[in-house]
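Peer 1: Fold the following, please.
(one chain, ligands or ions: 1)
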Amino acid sequence: MFWRGERDRERESKEQNGGPLSGQVRVLVVGDSGVGKTSLVHLIIKGSSITHPTQTIGCTVGVKHITYGYSGSSSSGIKGDAERDFFVELWDVSGHDRYKDCRSLFYSQINGIIFVHDLSQRRTKTSLQKWATEITANGTFSAPLGSGGPFGLPVPYIVIGNKADIAAKEGTRGSSGNLVDAARQWVEKQGLLPSSEELPLTESFPGSGGLLAAAKEARYDKEAVVKFFRSLIRRRYFSDDLSVQTPWSISSVQRVSHRLDEDLSDEDQSYKNTSSLSDDPYKYNVFPPLPAQRNLTPPPTLYPQQPVSVSESYSLPRFSLTGSSEFSSNARSKRSDINV
Ligand SMILES: Nc1nc2c(ncn2[C@@H]2O[C@H](COP(=O)(O)OP(=O)(O)OP(=O)(O)O)[C@@H](O)[C@H]2O)c(=O)[nH]1
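Peer 2: Just a heads-up that it's a prediction; the model follows:
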C-alpha cells in the first residue's frame, strides 16, 4: 500500500538518525454503555466533540500520536534524535451487555486503562469494579507493575467522570435512580449520616480522585490524560523509569476540566529523561525485560500491527508520520468496527 511505503521510507530515514522510530502503547477504554466512551475517545483524538455517536459494535480502535522527548545521551542535536513518535491505541470497548461474553477478545497486551463513568448515573461508577475484575481475570498485560492493584489490576489506570454538564445542571453528585442511592441521599438530607460512606452497595472506585469531563462540550483534562499516556510510554520503553514507583491509579486532584483549545505547550518537557544511559535509549527492544514481563509474550510492535483476529471490514487507522499530531480514523462512522 502506498501509505505504508511512505511510512517505511520515513522510518528508514529517521532510523538513520538513530534507532527505531516509534512505538505504541495500548489503552483500554471501558465503562457501562452510554457513559460516553466513544465521545471521549473522539475528543481525545480529534480534539472536538462528536455530534451523533452510534453505539459501539464490539470495539473500535482510535490512535493518538504523541511525541516523547528525550534528552539523554544523544549528542547529535538533531531533533529526530531527541524526539520519537509514539502511538497510543485507544481501544473503545462496547459497554453493552450483548458483548459481555466475547469482549475479553480485546483485553490483550494492555498497557493502561481509562475507566469512564457517567456523573449523572451513579451506578455507572459502582460498576467500574466489575469492569476491573473482568479485565484482571481475562486480560494480558504489557509492562505490568510488580504487584496487583485494586481488583488485581496490574497496569496503571485513570478514572474519568463524564457528562459533567448534566451533573452540573442537575446539581447532584450523581443520581442514578437506584433505590440505594435514593436512600443514601434521603439519609444524608436528614443529617443522619454525614459520612455517607457507611451505606453499602454504592461503592466508589478506589484509588483515584478522578477526572471530570463533558465530552459533548469538548471539555476534558487534556493535560492529565496526556500525562497518563506519557507515563505508559515511559513505563514500556524507558527501563530506567521502571524503578520509579508508579501508582496504580494515576490521579490528580479533581479539577475543573479545561477546554481543548487550551493547547498544551511544551508537553514534552515534563517528561524529559535525563538519565545517563550510554546506549541509544530508543533501541527499546534491547532492554532486558522487567521481572514481571519475563514470562510474557513480548508485546506486539508497531510494524506490522494487527493485534486481533478480526473481520474483513476491520482496519486500523492509517498512521501518518507528518502533519497533525492528533489523528485517527476520520470519524466514528469511518472507524471500522470489529464485528463480533
Ligand atoms: N450531556 C452529555 N451527553 C454526552 C456526553 N458524552 C456523551 N454524551 C452522550 O451520551 C450518549 C452515549 O455516548 P457514547 O459516546 O456513544 O457512549 P459509549 O460509552 O461509547 O456507549 P457504548 O458504545 O454503548 O458503550 C450519546 O448520546 C452522547 O452524545 C457529555 O459529556 N454530556
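Peer 1: going forward, measure contacts between C-alpha atoms and count neighbours the same way
Peer 2: Noted.
Peer 1: Flag every residue of the stretch 1-150 of the chain that's near the ligand.
Peer 2: Proximity of the stretch 1-150 of the chain to the ligand is confined to 33-39, 52-56, 94-96 under the rule C-alpha under 6 Å from any ligand atom.
Peer 1: quick one: which of those is nearest Arg103?
Peer 2: Within the set of those, Ser94 lies nearest Arg103; the separation is 7.9 Å, counting by C-alpha to C-alpha.
Peer 1: Am I right that the closest one is in contact with Val61?
Peer 2: No: counting by C-alpha atoms under 8 Å, Ser94 sits too far from Val61 to count as a contact (11.2 Å).
Peer 1: who's more crowded, these two?
Peer 2: Set side by side, Ser94 and Val61 show unequal neighbour counts under other C-alpha atoms under 10 Å, the larger going to Val61 at 27 against 24.
Peer 1: Secondary structure class of the more buried one, three-state.
Peer 2: Recorded secondary structure, Val61: strand (DSSP: H, G, I helix; E, B strand; the rest coil).
Peer 1: Look up the closest residue to it, ignoring the ones flanking it.
Peer 2: For Val61, the nearest residue in space outside its immediate sequence neighbours is Trp91; the separation is 4.7 Å by C-alpha to C-alpha, 6 or more residues apart in numbering.
Peer 1: OK, contacts around that neighbour?
Peer 2: Contacts here follow C-alpha atoms under 8 Å, 6 or more residues apart in numbering; on that basis Trp91 touches Arg26, Val27, Leu28, Val29, Cys59, Thr60, Val61, Gly62, Phe106.
Peer 1: what's the helix or strand for it?
Peer 2: With elements delineated by DSSP states H and E, Trp91 resides in strand 83-93, which encompasses its position.
Peer 1: So what are the sheet partners of the very next helix or strand once past that strand and their directions?
Peer 2: Proceeding C-terminally, strand 83-93 gives way to strand 112-118 as the next helix or strand, assigned by DSSP H and E. Using DSSP bridges, the strands paired with strand 112-118 are strand 22-30 (parallel), strand 157-162 (parallel).
Peer 1: Adding mean pLDDT, write these out as JSON lines.
Peer 2: As requested, the strands paired with strand 112-118 are arranged in JSON lines below (pLDDT from 0 to 100):
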{"stretch": "strand 22-30", "mean pLDDT": "94"}
{"stretch": "strand 157-162", "mean pLDDT": "95"}
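Peer 1: Using JSON lines, lay out the ones you listed together with mean neighbour count.
Peer 2: As requested, the strands paired with strand 112-118 are arranged in JSON lines below (neighbours: other C-alpha atoms under 10 Å):
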{"stretch": "strand 22-30", "mean neighbour count": "25"}
{"stretch": "strand 157-162", "mean neighbour count": "26"}
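Peer 1: Which residues of the stretch 151-300 of the chain lie near the ligand?
Peer 2: Within reach of the ligand by C-alpha under 6 Å from any ligand atom, the stretch 151-300 of the chain has these residues: Asn162, Lys163, Asp165, Ile166, Ala214, Ala215, Lys216.
Peer 1: 5 Å instead, please
Peer 2: Counting by C-alpha under 5 Å from any ligand atom, the residues of the stretch 151-300 of the chain lying close to the ligand are Lys163, Ala214, Ala215, Lys216.
Peer 1: could you say what helices and strands whatever helix or strand Leu43 lives in packs with?
Peer 2: Of the helices and strands defined by DSSP H and E, Leu43 is found in helix 37-46. Applying 3 or more C-alpha pairs under 8 Å, 6 or more residues apart in numbering; DSSP states H and E, we find helix 37-46 packed against strand 59-69, strand 83-93.
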